[in-house]
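Visitor: Sequence and computational prediction follow.
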Amino acid sequence: MSDLLFTNARLIDPEAGEVLGSLEVTRGRISKIVPHGPNDGRVTLSTGKVVDCRGRCLAPGIVDIGVKIGEPGERHKESFRTAGQAAAAGGVTTIVMRADTLPAIDDPETLTFVMNRAHAECAVRVHPLAALTKGRDGREMTEIGFLKDAGAVAFSDGDRVIADPRVMSRALAYATALGALVIGHPQDPGLSRGAAVTSGKFATLKGLPGVSPMAERMGLERDLALVEMTGARYHADQITTAVALPALERARAAGLDVTAGVSIHHLTLNELDVADYRTFFKVKPPLRSEDDRAAMVAAISSGMIDIISSMHTPQDEESKRLPFEEAASGAVALETLLPAALRLVHAGALDLAALFRALALNPAKRLGLEGGRLAIGAPADLVWFDADAPFVLDRFKLHSKSKNTPFDGARMQGRVLATYVGGERVFGGES
């Protein structure tokens, strides 16, 4: 492991803001940060390699909550190797893997298999979620204690909502006793069943089954009531509608240990992007109105929503090349997360420090991980990128096995130049 010195960098510190300076890495950790003033621009390194960032950005690597990987069971959609390559190319240094595999990660043996495969094949760090109920079927709790001891960082049934409030309350109470974080999917399962788009004029014109935004509010209100009853640590994986925000605000004001996330697609796309039944734009929850999208951007800016994630969901061509109502939901986003998120910066909605609070610092803090920050002693998980570099996305050049991105052919700004995990370069070059 060689030491590194990054010079002439726009250091994007989620906690302290942005400054021009240098950053030194020793034995895989950040050992020195020097802002450049009139007399301190020269920094030397006795041994190791110097990387001239040429005025481009150096930020903590992205910590991406909620990434779907196909192992075990759906390796044809995404493997640990290809997910790691995609993550590294996108500046993601930590993947938090969802439990919705085949079979689900619902016992210590499956979790151990997953962690061993990740360690052997993946270029970036991987931390697994475990299922909250066996088979993610909403009936019987998993062995939360054993799974936590085996390495699970949080517990979630993903987009399968636990419909029985008694089962959910017991799971939350048990998780509370063990100090475990529960990640919920706020959605009323009855109202949202079979929906393909958000209800409204657009859904009616297209003749597609829709779901009211109220389904999200109802699901969130129920979960928050159970959190209040049990004292659980809770994270809502995706808040996508303005009508759900008041419930979140009340929970925060009441002192509940509650955080929330939003996917990059709900921050940068809206329901009209579906246009002529383009199935690459079919995600779960469905894309919302422009008013809702704008409300989510404002909620990130204010801190009401804490985390931006990719919700990376690879689907093969056969599952997407179907009528819109029948097509599988989800989109790949490990490589497009950063350039898509930079749209918010270029539009003036966020600055880079605020963006990386949502992409890196907040998810790391919520899960109790070391990364996500530029601080002395922190792991040297870093992304060096040009925030202004323009390009046109070609989905067939993505590293993911599946190519189901809604950004195919889109003009984007922001290209990753290199990614480092523990001071080791896993993507790109240094010159």
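Guide: In hand now; what should we look at?
Visitor: Is residue 336 in contact with residue 91, as I believe?
Guide: No - assessed by C-beta atoms under 8 Å, residue 336 is found out of contact with residue 91, at 10.9 Å. All C-beta spots, glycine's among them, are computed from the backbone N, C-alpha and C.
Visitor: who has more neighbours, the two?
Guide: residue 91 (34 against 28; other C-beta atoms under 10 Å).
Visitor: With residue 20 as the reference, measure out to the nearest residue to the more buried one once chain neighbours are set aside.
Guide: Counting by C-beta to C-beta, 6 or more residues apart in numbering, the nearest residue to residue 91 once its immediate chain neighbours are dropped is residue 383, at 3.4 Å. Using C-beta to C-beta, to the nearest Å, residue 383 is found at 17 Å from residue 20.
Visitor: more neighbours, these two?
Guide: Between residue 383 and residue 20, counting by other C-beta under 10 Å, residue 383 is the more crowded of the two (27 against 14).
Visitor: quick one: secondary structure of the more buried one?
Guide: For residue 383, the secondary-structure state derived from DSSP: H, G, I helix; E, B strand; the rest coil is strand.
Visitor: mind starting the numbering at 714 from now?
Guide: From this message on, residue numbering opens at 714, which makes the last subject residue 1096.
Visitor: Assess the claim that it and residue 1127 are in contact.
Guide: No - under the contact definition of C-beta under 8 Å, residue 1096 does not touch residue 1127, with a separation of 10.6 Å.
Visitor: quick one on the thing from earlier: got a list of what the residue nearest to residue 804 touches?
Guide: By C-beta atoms under 8 Å, 6 or more residues apart in numbering, residue 1096 lies in contact with 771-775, 804, 806, 1051, 1129, 1131-1133.
Visitor: one more time with 7 Å
Guide: Residues in contact with residue 1096, defined by C-beta atoms under 7 Å, 6 or more residues apart in numbering, are 772, 774-775, 804, 1129, 1132.
Visitor: just residue 810 next, same as before
Guide: 780, 782, 827, 839, 841-842.
Visitor: again, only using 8 Å
Guide: The contact partners of residue 810, by C-beta under 8 Å, 6+ apart, come to 780-782, 818, 827, 831, 839-842.
Visitor: any chance of those in CSV, plus distance to residue 930?
Guide: CSV is the format used below for those (distance: C-beta to C-beta, whole Å):
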residue, distance to residue 930
780, 26
781, 25
782, 31
818, 29
827, 34
831, 36
839, 33
840, 30
841, 30
842, 24
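Visitor: Point out the ones among those residues that are inside helices.
Guide: Mapping these onto helices (DSSP state H) picks out 827, 831.
Visitor: Among the contacts of residue 810, which ones are in strands?
Guide: Using DSSP state E, 780, 839-842 are the members of these that sit in strands.
Visitor: bridging residues for residue 732?
Guide: Listed by DSSP bridges, the beta-bridge partners for residue 732 are residue 724.
Visitor: hmm, back to that, quick check: beta-bridge partners of the residue nearest to residue 804?
Guide: Using DSSP bridges, the beta-bridge partners of residue 1096 come out as residue 772, residue 1132.
Visitor: mind checking how far it is from residue 800?
Guide: For residue 1096, the distance to residue 800 under the criterion C-beta to C-beta works out to 11 Å.
Visitor: Show me where the stretch 764-913 of the chain dips below the pLDDT cut-off.
Guide: Nowhere does the stretch 764-913 of the chain drop to pLDDT under 70.
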